[in-house]
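> Give me coordinates for this.
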Amino acid sequence: MMCVSLKPETRQEARLLMKTCAGLSRAVELRLDRMTEPGLEGLLPFEGLKVIVTNRRREEGGAFTGTEEARTALLAEAVDSGADYVDVEGSTEERRIGMIRERIARRSGRTGLILSYHDFSRTPALEELRRIARKARDRGAEVVKIATLARTTEDNLVLIELLRYGKREGIPMAVHGMGERGRLSRIAAPLFGSLISYVSLPGAGETAPGQLTVDEMKSVAEILRYET
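Residues are numbered from 1 along each chain as shown. Modelled structure (predicted):
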């Protein structure tokens, strides 16, 4: 599933960007951390799009500067508002992840939980990434997202092997490398079972280094013959 990552500053901008994406992609990732008015009123549910809501703190590449209580409260609000998925960093305190799981359970699981792991300095060894994936699954993740900095071409092969492991072990995953060298994994990952391909909207700016635009990803998918 191709997902356009958005980093709006206001709810009005968010709605306009989501309307633009409705004809381009099946899903959007709505980043709340840059919004000056981060509430979700009037944004969810959004007809014609699956919406992943996240609220990244600075340590995970985001811009949210409030308390952890305030940050995770917005994710809980997203569950109550009808988000298709909420993306929570795996480094978040277990009690706060548990609170979000409880909200999801109250809505009969209509919102999926993505637990995400980011490493902006390197691609760890395969066994470490496998351990991270298993832990996220055991904590109730419906999808495990892992994004690491690819410093070498070989780092992409580590991420592809991680996807192969996830497929063998029944761990649904979204995996890609960041940076220019990581673009190879973004192109190849859907072929190896990565569930979500994060792309940028032309003119709106990327939300992670090395991200392809929606047009570039569609061109790649056409050449390699996989569905976006």
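> Mind jotting down where the helices sit in this protein?
Ranges of helices within the chain are 11-21, 68-81, 94-106, 126-138, 153-169, 183-188, 214-224, based on DSSP state H.
> now the angle from the last one to helix 11-21?
Same thing as helix 214-224. Interaxial angle, helix 214-224 versus helix 11-21 (axes from the mean of the first three to the mean of the last three C-alpha atoms, to 10 degrees): 30 degrees.
> by contact count, what packs against helix 214-224?
On a contact count with 3 or more C-beta pairs under 8 Å, 6 or more residues apart in numbering; DSSP states H and E, helix 214-224 meets strand 2-6, helix 183-188, strand 197-199. Just so you know, the C-beta spots here come from the backbone N, C-alpha and C atoms, and that holds for glycine as well.
> Single out the most deeply packed of those.
Most buried of the helices and strands packed on helix 214-224 by mean neighbour count (mean count of other C-beta atoms under 10 Å) is strand 197-199; its value is a mean of 25.
> Let me know whether residue 126 touches residue 164 as I believe.
No. The pair residue 126 / residue 164 is not scored as a contact, 10.1 Å apart, by C-beta atoms under 8 Å.
> Let me know the pLDDT of residue 187.
In this model, residue 187 is scored at 97, pLDDT.
> So what does the residue lying closest to residue 104 once chain neighbours are set aside have for phi and psi?
Once flanking residues are discounted, residue 104 sits nearest to residue 111: 5.1 Å by C-beta to C-beta, 6 or more residues apart in numbering. Per-residue torsions, residue 111: phi -110, psi 130 (degrees, to the nearest 10).
> same thing with residue 151?
Here is the backbone geometry of residue 151 (degrees, to the nearest 10): phi -90, psi -20.
> any idea how far residue 110 is from it?
39 Å (C-beta to C-beta, to the nearest Å).
> cool, residue 216 as well?
Relative to residue 110, and taking C-beta to C-beta, residue 216 is found at 32 Å.
> okay, those two: which has more neighbours?
Neighbour count, other C-beta atoms under 10 Å: between residue 216 and residue 110, residue 216 has more, with 16 against 12.
> so who does the nearest residue to that one once chain neighbours are set aside touch?
The shortest distance from residue 216 to any non-neighbouring residue, by C-beta to C-beta, 6+ apart, is to residue 199 (7.5 Å). By C-beta atoms under 8 Å, 6 or more residues apart in numbering, the contact list for residue 199 reads 2, 3, 4, 5, 25, 211, 212, 213, 214, 216, 217.
> gap between the closest residue to the last one other than its chain neighbours and residue 14?
Spatial nearest neighbour of residue 217, excluding adjacent residues (C-beta to C-beta, 6+ apart): residue 199 at 4.7 Å. Counting by C-beta to C-beta, the gap between residue 199 and residue 14 amounts to 17 Å.
> returning to what we had before: redo the helices and strands packed on helix 214-224 as CSV? Include distance to residue 60.
Output for those, formatted as CSV (distance: least, C-beta to C-beta, whole Å):
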stretch, distance to residue 60
strand 2-6, 14
helix 183-188, 19
strand 197-199, 14
